[in-house]
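K.L.:
Predicted coordinates and the sequence they were generated for:
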Amino acid sequence: MRMNFLNKNILITGASSGIGLQLAKDLANVDCTLILTARRYENLLNIRQELNHKSAKIIIYKNNVAEKQDVRKVYSAIKENMNKIDIAFLNAGTNSKLMPDAFSAEDAEITYGANLFGIIYWAELLIKEMKSRNDGMIIGVTSLADARGFSKNGFYSSSKVAASTLLESMRVDLIKHNIKVITVKPGFVRTPMTAANNFYMPFLMNVETASKIILSGIKKEKRVIRFPFLTTAGTVLLKLTPNFIYDRLSVGLRNSGEKLKENEKSKNN
Ligand SMILES: NC(=O)c1ccc[n+]([C@@H]2O[C@H](COP(=O)([O-])OP(=O)(O)OC[C@H]3O[C@@H](n4cnc5c(N)ncnc54)[C@H](OP(=O)(O)O)[C@@H]3O)[C@@H](O)[C@H]2O)c1
């Protein structure tokens with residue numbers, strides 16, 4: 001099957017930076033309507049200005065995906081302007097490190113709020129609408145970090161596990177309503193999110209390449225889009241690794257990654 005974006009109403013959450021922004025830039029070359037949302041409205045204003053001369057019509061909304069009432073309010077506002085959302089990229093996500101070395105419920109709430117409930121709140125409304133017309137596509141961005149419980153990344157990894165599993169259930173349940181659900185699982189992509197990481201990131205990819213891979217996978221209606229290949233292969237191996245080896249490996253990797261990063265920093269200074 002091949003689908004296209006022509007004349008579609010396309011929602012992108014988390015469009016103010018990184019992967020969401022690049023998807024918006026790429027889709028702006030198509031004759032379609034882009035509904036871009038994020039909390040940083042200033043960014044969205046600048047993006048709309050930048051993409052103004054392109055083919056797509058750009059509509060922007062300030063939205064916090066972690067707040068159910070806000071999602072409902074923004075959805076109603078969208079539906080006042082247009083009768084349907086054909087395709088939704090539920091991409092907004094975060095890796096909260098308010099308290100980097102603490103086990104903090106606040107970090108968990110922020111991370112789960114965006115990465116899991118951000119998908120749930122939007123999906124609730126989209127599924128209802130798409131079921132009523134027996135058509136639609138929901139694309140959820142999770143991560144290859146859903147493969148195991150990664151060191152110092154428990155809230156992020158587990159929020160992505162939950163999101164990936166949820167999207168898989170949705171995919172199966174919604175087939176009969178002709179609603180396609182696609183899960184996107186990137187490895188490391190160069191965005192503001194990864195710029196904050198202080199460890200070595202293997203096969204770090206440009207956001208432009210990541211967006212091309214995602215859009216090409218969607219056109220082919222792949223069920224799950226995983227990339228890059230070597231990171232994907234690595235996570236498959238990690239899943240098969242016995243726990244006692246995994247524990248040693250992950251602690252060792254984290255330590256050597258931090259040392260590598262420190263060496264790079266001191267070289268640059
Ligand atoms: N970069 C990677 O290596 C990588 C790897 C695997 C998966 N991912 C996933 O890819 C997605 C995009 O991440 P990115 O790398 O592009 O990071 P990013 O540049 O930090 O972008 C994250 C986007 O999500 C939005 N966002 C965060 N919390 C939000 C909230 N509560 N409500 C609404 N919007 C919110 C941000 O907008 P505002 O701050 O303006 O609200 C921003 O537009 C995330 O789901 C991330 O987990 C990224």
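P.N.:
Structure received.
K.L.:
my read: Q22 touches S211, true?
P.N.:
Yes - Q22 is within contact range of S211, at 4.0 Å (criterion: CB atoms under 8 Å). Every C-beta, even on glycine, is put in place using the N, C-alpha and C of the backbone.
K.L.:
What about the closest residue to S158 other than its chain neighbours, how many residues nearby?
P.N.:
Nearest-residue entry for S158: G149, 6.9 Å, with adjacent residues in sequence omitted and distances by CB to CB, 6 or more residues apart in numbering. When neighbours are defined as other CB atoms under 10 Å, G149 has 13 of them.
K.L.:
what residues are up against L51?
P.N.:
24-25, 28, 34, 58 (CB atoms under 8 Å, 6 or more residues apart in numbering).
K.L.:
7 Å instead?
P.N.:
Residues in contact with L51 (CB atoms under 7 Å, 6 or more residues apart in numbering) are 24-25, 28, 58.
K.L.:
so which of these is the most crowded?
P.N.:
Highest neighbour count within the contacts of L51: A24, with 28 neighbours (other CB under 10 Å).
K.L.:
For the stretch 51-200 of the chain, what lies in contact range of the ligand?
P.N.:
By the rule CB under 6 Å from any ligand atom, the part of the stretch 51-200 of the chain lying against the ligand is 63-66, 91-94, 113-115, 118, 141, 143, 186, 188-189, 191-194.
K.L.:
switch the cut-off to 5 Å
P.N.:
64-66, 91-94, 114, 141, 143, 186, 188-189, 191-194 (CB under 5 Å from any ligand atom).
K.L.:
Can you show me the strands along the stretch 101-250 of the chain?
P.N.:
Assigned by DSSP state E, counting those that start in this stretch, the strands in the stretch 101-250 of the chain fall at 136-141, 179-186, 224-227.
K.L.:
Need the winner for burial among those strands.
P.N.:
The highest average neighbour count among those, using mean count of other CB atoms under 10 Å, belongs to strand 136-141 at a mean of 25.
K.L.:
And that one, what does it pack against?
P.N.:
Packed against strand 136-141 by the contact rule (3 or more CB pairs under 7 Å, 6 or more residues apart in numbering; DSSP states H and E) you find strand 87-90, helix 118-133, helix 154-174, strand 179-186.
K.L.:
give me that answer again for 6 Å
P.N.:
Under the contact definition 3 or more CB pairs under 6 Å, 6 or more residues apart in numbering; DSSP states H and E, strand 136-141 sits against strand 87-90, helix 118-133, strand 179-186.
K.L.:
Include mean pLDDT when you put the ones you listed into JSON lines, please.
P.N.:
Below are those laid out as JSON lines (pLDDT from 0 to 100):
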{"stretch": "strand 87-90", "mean pLDDT": "98"}
{"stretch": "helix 118-133", "mean pLDDT": "98"}
{"stretch": "strand 179-186", "mean pLDDT": "98"}
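K.L.:
Determine which stretch of those is the most buried.
P.N.:
Compared across those, strand 87-90 shows the largest average neighbour count, a mean of 26 (mean count of other CB under 10 Å).
K.L.:
Name the surrounding residues that touch that one.
P.N.:
Strand 87-90 has contacts (CB atoms under 6 Å, 6 or more residues apart in numbering) with 8, 10-13, 119, 122, 126, 137-140.
K.L.:
Stretch 237-247 now?
P.N.:
147-148.
K.L.:
Tell me which residues of that stretch come out buried.
P.N.:
L238 (16 or more other CB atoms under 10 Å).
K.L.:
how long is that stretch end to end?
P.N.:
Counting by CA to CA, to the nearest Å, you get 14 Å between the two ends of stretch 237-247.
K.L.:
Am I right that the residue nearest to S158 is in contact with F155?
P.N.:
No - if you go by CB atoms under 6 Å, G149 and F155 don't touch, sitting 10.3 Å apart.
K.L.:
Can you pick out the ones from the residues of the stretch 51-200 of the chain next to the ligand that are in helices?
P.N.:
In this view, those that belong to helices under DSSP state H are 192-194.
K.L.:
Show the low-confidence segments of the stretch 101-250 of the chain, by residue range.
P.N.:
Judged against pLDDT under 70, the stretch 101-250 of the chain has no low-scoring part.
K.L.:
Perfect, that will be all.
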